[in-house]
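Peer 1: The amino acid sequence is not available; the structure is as follows:
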DNA sequence: CTGAAAGCGCTTACAG
DNA sequence: CTGAAAGCGCTTACAG
């Protein structure tokens, strides 16, 4: 059915030149006479020529695609946190010739990486159990990791300063007279959660407070309402909670409502990431903010630099964006 | 830096066979002796051979990629509606060798389609101003459209029966004694909105009610709070609202709260699509439901059929999924 | 069962 | 400025 695509050869014939000349004008290479070029271009337009990317890739040994690896499957994709980062990535990609290939299941990651269809990858908030770092490293693909990460890797990293974020949140509640402050964390397989935990423990130690940590198996509470409810019931002394995502905070608020716990009257809650929902709900969520879009932009930009400098040995980059606390309506001074 | 990739030739040499034989075992083609095959396979494993997809694509004239076109840029991507459909798509794709290329800006659509890097496309809820249907059609690419759509096209369509969805919602409110029922619609550039409007108008006419339509320029109210507020103030007689997305409903609820309008006491609200937020908020949102995941699955499956039957002339398919009304907490009987 | 060879559509030294 | 030719890594008739 599909009409045969027209190739460089068709153009060359019609223009009475060699395919070499046609190729040169396609790639804007020098060495073609003004007139010849004009003739070739007009024929290309006329015939609606589109270069065959596969052929080009085959000889140039690149693909023109950039891969984005998203962990956790769909639960995560539904998370605005990732979407906002992708928005930043996308904005930069749109100014280039690259295509974006977003991958959100393990199967997809494997297919994408095993078949070598990308020139470089952006890995969002990797998790131990999903991405084997050694394997990633063996790929020898230009890679930038987005999201907090264990320091001893050799990858470029662009992340939010989540450790400080947690500190700010705890300090904020402390200033508001809270003395029993819990961390509701995501899965410890996520490096992000490890960072949260580190940040939480260190500040809580400094302040001489007791530690309360509830680890969920995702960055939201879906299917774990029971667990949360028990936690709330078992620790009635807790008056403040730091959640490692806004979605977790949302879930906690709902459970609290069911238990007739007043927010923020009896329980102050702070989210993370300042995603759109945070001011769509009532009461509006206090949270920590970082420019996720900028994080995305920075990460691709870095990757693009790596891609255009494959010979040079670039030093590893570790770029950390500051977070700030945003006071809204789910936190209050403890009487 | 990157170590040279090993090719079919390397395998052939090491195995003392021709590249033809190697190629045959790679593609599981018959015509290779048991022993030879075993030898070749073990060498492939040993050397970690990965076929070069570009080379293969060049000769087979396909790409191994399926494109997904998402309209409206990021606002839309943040919408669970699309994400859930993508989840369905992804589930099926994971059982195949195809890669998914998701495109959510006009730039990306153009790049993807102009460079012919996909074998077929899934178009989600297209909009007039973003996707030129004629252009799409000229691509001669196997295409399936997801989401309600104008009937006179020649594409395969898989969609929810949104026209009935709106009807159910209006009827529901009518049964609850509401007589002034508004439609808060998405942009009319979206075919989906057109369907909503058609459905709304026809049932409202049947029931002999007055029409109230507020058209927003997205499927959420971001940046249009003012407009919504004015609408609410100008039409105090309205006691029921059908929103063409859950996100719109969410927004309306928030504006109503600011205006001290009690929900559902003074205003009943019904969303669309039963996205996860609908039961994450308080009061829980009454809405209409359709199995979006199944819609996604059906659409890819259809596309896959088209892809494996390019010779045959398949009849156009138009698959419509029923919607049902879900009563939760934002609707009530009018006294 | 196996291999030599042509060809997919491009790019790029090389020679003129 | 221009072209002939080799080559990128595969697949697939064709011949044996």
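Peer 2: Perfect, thanks for sending it. All values derive from a computational prediction rather than experimental measurement. Residues are numbered from 1 along each chain as shown, chains lettered A, B, ... in the order given.

Peer 1: would you list every one of the helices in chain A?
Peer 2: Remark: helices assigned in chain A by DSSP state H are A:8-15, A:19-26, A:34-47, A:53-60, A:73-77, A:80-93, A:106-114, A:133-138, A:162-175, A:191-207, A:225-234, A:246-258, A:292-308.

Peer 1: possible to save these as CSV with mean neighbour count, mean pLDDT and distance to residue B:125?
Peer 2: C-betas here are computed from N, CA, C, even on glycine. CSV is the format used below for these (neighbours: other CB atoms under 10 Å in any protein chain shown; pLDDT from 0 to 100; distance: least, CB to CB, whole Å):
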stretch, mean neighbour count, mean pLDDT, distance to residue B:125
helix A:8-15, 17, 90, 37
helix A:19-26, 19, 92, 35
helix A:34-47, 15, 89, 33
helix A:53-60, 17, 91, 28
helix A:73-77, 19, 74, 18
helix A:80-93, 23, 91, 17
helix A:106-114, 18, 89, 23
helix A:133-138, 13, 82, 35
helix A:162-175, 22, 96, 35
helix A:191-207, 19, 95, 32
helix A:225-234, 15, 95, 32
helix A:246-258, 22, 91, 25
helix A:292-308, 20, 94, 24
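
Peer 1: Point me to the residue of the stretch 101-250 of chain A nearest DNA strand D.
Peer 2: residue A:116 (9.3 Å; CB to the nearest atom of the strand).

Peer 1: repeat for the stretch 51-200 of chain A
Peer 2: Counting by CB to the nearest atom of the strand, the stretch 51-200 of chain A gets nearest DNA strand D through residue A:59, at 3.6 Å.

Peer 1: Leaving out the residues flanking it, which one is nearest to residue A:269?
Peer 2: Distance criterion CB to CB, 6 or more residues apart in numbering or on different chains; nearest residue to residue A:269, sequence neighbours excluded, is residue A:330 at 4.4 Å.

Peer 1: wait, residue A:193 sits on residue A:183?
Peer 2: No: counting by CB atoms under 8 Å, residue A:193 does not reach residue A:183; the two are 9.5 Å apart.

Peer 1: can you list residues touching both of these two?
Peer 2: Jointly contacting residue A:193 and residue A:183 under the rule CB atoms under 8 Å, 6 or more residues apart in numbering or on different chains are residue A:244.

Peer 1: circling back: tabulate the helices of chain A in TSV, adding columns for distance to residue B:64.
Peer 2: Formatted as TSV, those follow (distance: least, CB to CB, whole Å):
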stretch	distance to residue B:64
helix A:8-15	23
helix A:19-26	24
helix A:34-47	26
helix A:53-60	10
helix A:73-77	22
helix A:80-93	21
helix A:106-114	9
helix A:133-138	22
helix A:162-175	38
helix A:191-207	32
helix A:225-234	42
helix A:246-258	35
helix A:292-308	22
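
Peer 1: Distance to chain B added to those, as CSV?
Peer 2: Listed next are the helices of chain A as CSV, based on distance: least, CB to the nearest CB, whole Å:
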stretch, distance to chain B
helix A:8-15, 13
helix A:19-26, 12
helix A:34-47, 13
helix A:53-60, 4
helix A:73-77, 5
helix A:80-93, 5
helix A:106-114, 4
helix A:133-138, 9
helix A:162-175, 22
helix A:191-207, 20
helix A:225-234, 11
helix A:246-258, 6
helix A:292-308, 10
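
Peer 1: Turn these into a markdown table, including distance to DNA strand C.
Peer 2: Formatted as a markdown table, the helices of chain A follow (distance: least, CB to the nearest atom of the strand, whole Å):
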| stretch | distance to DNA strand C |
| --- | --- |
| helix A:8-15 | 3 |
| helix A:19-26 | 3 |
| helix A:34-47 | 10 |
| helix A:53-60 | 3 |
| helix A:73-77 | 35 |
| helix A:80-93 | 21 |
| helix A:106-114 | 21 |
| helix A:133-138 | 27 |
| helix A:162-175 | 42 |
| helix A:191-207 | 39 |
| helix A:225-234 | 56 |
| helix A:246-258 | 46 |
| helix A:292-308 | 14 |
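
Peer 1: Which among the ones you listed is found nearest to residue B:285?
Peer 2: helix A:246-258 (13.0 Å; CB to CB).

Peer 1: could you say what helices and strands that closest one packs with?
Peer 2: strand A:181-185, helix A:225-234, strand A:240-243, strand A:268-270 (3 or more CB pairs under 8 Å, 6 or more residues apart in numbering or on different chains; DSSP states H and E).

Peer 1: So what touches that helix?
Peer 2: With CB under 8 Å, 6+ apart, helix A:246-258 has contacts from A:79-81, A:184, A:186, A:216, A:219-222, A:225, A:228-229, A:232, A:241, A:243, A:263, A:267, A:269-275, A:277-278, A:281, A:285, A:287, A:330, B:280, B:282.

Peer 1: In ChimeraX, select just the buried ones from those.
Peer 2: The ChimeraX selection below is limited to those of the contacts of helix A:246-258 classed as buried (16 or more other CB atoms under 10 Å in any protein chain shown):
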select /A:79,80,81,184,186,216,219,220,221,228,232,241,243,263,267,269,270,271,272,273,274,275,277,278,281,285,287,330 /B:280
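
Peer 1: Now for residue A:207: which residues touch it?
Peer 2: So residue A:207 contacts A:170-171, A:174 (CB under 8 Å, 6+ apart).

Peer 1: just checking, the residue nearest to residue A:269 touches residue A:279?
Peer 2: No: when contacts are counted by CB under 8 Å, residue A:330 is not listed as touching residue A:279 (11.1 Å).

Peer 1: Residues that sit against both of the two, list them.
Peer 2: residue A:285.

Peer 1: Determine how far the last residue of stretch A:128-139 lies from the first.
Peer 2: 17 Å (CA to CA, to the nearest Å).

Peer 1: Could you do stretch A:85-103 as well?
Peer 2: End-to-end distance for stretch A:85-103: 14 Å, by CA to CA.
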